[in-house]
Each structure stands twice: as structure tokens, then as C-alpha cells.
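need a 3D model of the sequence below.
(chains A and B)
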Amino acid sequence: MLDLDDHLPLLASGDADAFGRWLAGAEPRLRGSLRSYAARLDTEALVQEVLLRVWQVAPRHVPDGRPNSLLRLAIRIAKNLAIDEIRRVRSEPMDDDGIERALAAAEASAFRGGPDPLLRRVIADCHEKLAGKPAEVLAQRLASGGGEPDEVLAERLGMRLNTFLQNFTRARRLLAECLEKNRVDLHAELC
Amino acid sequence: MGTPGSDREALIEALAGAYRARDPHGAISSHPAFFDLDDAGRIEAFEAAQRLRVVEAALDPDGLSTTARAVLARIRAAGG
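Next up, the predicted model:
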């Protein structure tokens, strides 16, 4: 378990690998803080924009002495960007208790630098049991690392986009069933 | 090749993915599927993405989700 601020010295020198290690711990908490915005904003786009901004400010970030100060900054950047975007599209203001809870949790807790080793093993076992088209579409998404649109991935597999997405739904369900059989609750892992 | 069109499940699956295009100013764009879904569908996609990122990170040797990979790729492409 670690304070994600342990990565700050390397982040100050612009070490992208260190930022990757920070990301592995910070991303789930940052994403989770945005749940109350999910109906109003594309939270994936928001998460990526926030992370790029955090990378830019990290070298100048001065920790406040409490744990996970850079993550707390990221959550605040996310909140401000979300509010700006909601104002821009003239949507209604909303309750953002989720952000405040996430800030408090970030200050109170230590983090793993990624998924728990036991969880990793169970997920890897379930992944190995996937076969056929569901395995192929999941492999494409993993290999592309969010760098290519589904249209391109589908074409690579000779599938229509809808077929690709249907197979992905199947992959997610098969994984979820396998994880459930192994008594893994991903929702609980996120809390 | 086809588009998700009005297929709700396909739209949710598309929105839950990590790929996001850039607009002409370089900002990250919202996924087109976001605008075709109602509130419940958007929340479903958010929850699917949350779980997916955990699975992706667990299967990645460096513990990185596709979101993290996409962000790092942009940083490295910019010379970071």
C-alpha cells in the first residue's frame, strides 16, 4: 500500500513511466468520483482530459503534507472541468457529493499501485477461459490501448461494428459470470 | 461496416470503450454514442467502463487500463 504522492519526485522530472504507476493507482478513484456526472458528461473523455492536465501540472505540484495530494488535485480539476462543461451546454447544476466523498477518501486511504494480485489472478483465469469471437474482440481492445476506434478494430477482424460490439458485450458477460463464480465482486473492488 | 445506430446495448458498449477522438483544436471529444443514449444508458456505460478498466488493468503487465494506455500514448507522442 502506498501514498500516490510517493511518485512525485519522479513526476517532477517528467518521468512518464512514473506517471503510469501513479495512473494505475489513481485512475479508479478519479473515475469513481465522477459518477454523479455520468448522465451529463462523457466521463471517459473527462478522465482523459484531467489526466493530461495532471501530467502538465505535476512537475510544479507542491504536496500539502496530507496523503495523495496530486490525486486530490486531479479530482478538483475534474470537478471544475465538469462544472465548466455543464455550464457550457446549459445543463442544470447538480449535487456533487461524490466529489467531496472522493476527496475525503483520497486523504484517508493508502492505495495499491494497481489491482490486487489475487484479483489479477482470478481475472487472468477467467480471461483464459474466454474463447472465439468474444476473446478476439477483447484482445483487440486491449492491444489497441484505447488508441483506435472500434470501427478500425472491427474491420481488422472482418466484422461489422455492431457485431464487434455485440461480441464485446458477450465477452463482458462471460467474464462477469466467471468472476461471480469465483466470488469476485468488481463493484466492491471499486468502493 | 455499420454504426451502433439505435441499438442500445451497442451504444453502451461503444461509450464504455476508452478510445476518444480529438477535435480540430486537439481537445478530447465526447464519444458520439453519448449523445444517442438517455441518462440511464449513459450511467450503464459508466458502470461498464468502471468494471472494464479494472479487468484491463488486471490483464496488463504494468497494471494499466486502456484509459491509462491512451493517456500515456498521447503524452509520449507529444514528447513527454
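
so, low pLDDT: which residues of chain B?
Within chain B, the stretches with pLDDT under 70 are B:1-6, B:80.

quick one: secondary structure of the closest residue to chain A within it?
Among the residues of chain B, residue B:63 lies closest to chain A, at 2.6 Å counting by C-beta to the nearest C-beta. Where C-beta positions appear, they are placed from N, C-alpha and C, glycine not excepted. Following DSSP: H, G, I helix; E, B strand; the rest coil, the label given to residue B:63 is coil.

could you report the separation of it from residue A:41?
26 Å (C-beta to C-beta, to the nearest Å).

ditto for residue B:46
From residue B:46 to residue A:41 the distance is 10 Å (C-beta to C-beta).

overlap in contacts of those two?
residue A:34 (C-beta atoms under 8 Å, 6 or more residues apart in numbering or on different chains).

ok, residue A:34 touching residue A:43?
Yes: in this structure, residue A:34 is within contact of residue A:43 by C-beta atoms under 8 Å, at 4.6 Å.

mutual contacts of the two, please.
Shared contacts of residue A:34 and residue A:43 (C-beta under 8 Å, 6+ apart): residue B:46.

of the two, who's got more company?
residue A:43 (29 against 25; other C-beta atoms under 10 Å in any protein chain shown).

quick one, what contacts that one?
Residue A:43 makes contact with A:31, A:34, A:35, A:37, B:46, B:49, according to C-beta under 8 Å, 6+ apart.

shaky segments in chain A?
A:1, A:90-98, A:107-114, A:189-191.

in three-state terms, label the residue in it sticking out farthest from the centre for me.
Within chain A, the residue lying farthest from the chain centre (C-alpha atoms, centre = their mean) is residue A:158, at 29.0 Å. The three-state label given to residue A:158 by three-state DSSP is coil.

mind checking how far the residue sitting nearest the centre point of chain B is from residue B:67?
For chain B, the residue nearest the mean C-alpha position is residue B:18 (2.4 Å; C-alpha atoms, centre = their mean). Distance, residue B:18 to residue B:67, by C-beta to C-beta: 5 Å.

overlap in contacts of these two?
Counting by C-beta under 8 Å, 6+ apart, the residues touching both residue B:18 and residue B:67 are A:44, A:48, A:146, B:53.

residue A:102: which of the residues you listed is nearest?
Ranked by distance to residue A:102 (C-beta to C-beta), these are led by residue B:53 at 15.7 Å.

tell me the phi and psi of the closest one?
Dihedral angles of residue B:53 (phi, psi; degrees, to the nearest 10) stand at phi -60, psi -30.

count the residues that sit near it.
Residue B:53: 26 neighbours (other C-beta under 10 Å).

also residue A:184?
That count, for residue A:184 with other C-beta under 10 Å as the rule, works out to 19.

tell me the spacing between the closest residue to it other than its chain neighbours and residue B:70.
Excluding the flanking residues, the one nearest residue A:184 by C-beta to C-beta, 6 or more residues apart in numbering or on different chains is residue A:122, at 5.3 Å. For residue A:122, the distance to residue B:70 (C-beta to C-beta) stands at 25 Å.

what do you get for residue A:166?
For residue A:166, the distance to residue B:70 - C-beta to C-beta - is 23 Å.

swap in residue B:51?
Using C-beta to C-beta, residue B:51 is found at 18 Å from residue B:70.

what does residue A:161 give?
Residue A:161 is 19 Å from residue B:70, by C-beta to C-beta.

with neighbour numbers in mind, choose between the two.
Neighbour count, other C-beta under 10 Å: between residue A:161 and residue B:70, residue B:70 has more, with 26 against 22.

tell me the secondary structure at that one.
Quick answer, by three-state DSSP: residue B:70 is helix.
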